[in-house]
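Visitor: Dropping a prediction and its sequence here:
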Amino acid sequence: MSNEISRRGLMLVLSSPSGAGKTTLSRMLLESDSNISLSVSATTRPMRSVEKHGTDYYFLGHEEFEKWVGQGRFLEHAKVFGHRYGTPEHLVSTALAGGQDILFDIDWQGTQQLKEKMRDDLVSIFILPPSHEELERRLINRNLDALQIVKERMSKAADEISHWPEYDYIVVNHSVQNALAEIKAILIAERLKRTRQTGISAFVGKLIG
């Protein structure tokens with residue numbers, strides 16, 4: 001007989017300016033922790049040949065997406081580069097009820113929408129670079145963007161960073177390994193919160209007979 005205490009899952013948000021390491025940290029966390037999975041969004045963007053419906057995204061037509069919006073079926077939604085993206089509420093709620101944690105790689109605007117609807121389930125972390133100079137160096141070294149795009153991303157970073165007070169935790173990414181360890185420590189502590197351990201009353205009842 002297992003003595004594991006059942007708990008409700010949580011929604012872990014990682015946000016950062018471009019180049020601060022959010023994507024790398026998200027990937028490493030998913031690879032190292034089997035009880036957390038990446039939120040699968042719905043989108044109106046056309047499906048690419050390497051993508052699978054329900055695995056990479058839920059691909060919806062524009063009319064169907066708007067219908068979901070009108071029915072309140074998204075926890076958050078936004079328009080990015082001409083396409084609509086949204087987080088289906090029923091998928092997240094089902095996962096949380098089953099004790100599964102969900103990782104969200106979204107910006108501050110998406111985080112605000114999640115906070116409005118499911119604040120008690122939300123744990124938000126903002127990833128900061130160690131310095132302005134280091135952020136610029138990382139963006140240049142990625143070799144993904146032209147220098148003009150790097151300048152634009154640096155300009156946008158200031159606005160994104162200004163929203164740090166809206167988050168529960170701040171992690172400064174001096175090194176990926178240290179930042180990952182801090183994120184894991186936050187996750188462990190949040191999983192142990194009394195309010196998330198839905199089976200604690202029954203467990204304690206057995207202890208005291």
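Guide: Perfect, I can see it now. Residues are numbered from 1 along each chain as shown.

Visitor: Where does pLDDT dip in the chain?
Guide: Applying pLDDT under 70 to the chain flags residues 1-3, 142-146.

Visitor: residue contacts, the most centrally placed residue in it?
Guide: With distances taken as CA atoms, centre = their mean, residue 104 lies nearest the centre of the chain, 1.6 Å away. Counting by CB atoms under 8 Å, 6 or more residues apart in numbering, residue 104 touches 11, 12, 13, 14, 39, 87, 110, 111, 114. (Glycine included, C-beta is placed from N, CA and C.)

Visitor: Could you rerun that using 7 Å?
Guide: Shown in contact with residue 104 (CB atoms under 7 Å, 6 or more residues apart in numbering): 11, 12, 13, 39, 114.

Visitor: can you give me the helices in this structure?
Guide: In the chain, the segments counted as helices under DSSP state H are 22-32, 62-70, 89-97, 108-118, 132-141, 147-161, 176-191, 200-207.

Visitor: Please work out which of those helices is packed deepest.
Guide: Highest mean neighbour count of the helices of the chain: helix 108-118, a mean of 17 (counted as mean count of other CB atoms under 10 Å).

Visitor: In terms of secondary structure, what does that one contact?
Guide: Helix 108-118 sits against strand 11-15, strand 74-80, strand 122-128, with contacts defined as 3 or more CB pairs under 7 Å, 6 or more residues apart in numbering; DSSP states H and E.

Visitor: Tell me which of the helices of the chain lies nearest to residue 80.
Guide: Evaluated over the helices of the chain, closeness to residue 80 peaks at helix 108-118, with 10.2 Å, by CB to CB.

Visitor: Contacts for the closest one, please.
Guide: With contact meaning CB under 7 Å, 6+ apart, helix 108-118 is reached by 11, 13, 15, 75, 76, 78, 104, 122, 124, 160, 163, 166.

Visitor: Please check the residues you listed and keep the buried ones.
Guide: Buried by 16 or more other CB atoms under 10 Å: 11, 13, 15, 75, 76, 78, 104, 122, 124, 160, 163, out of the contacts of helix 108-118.
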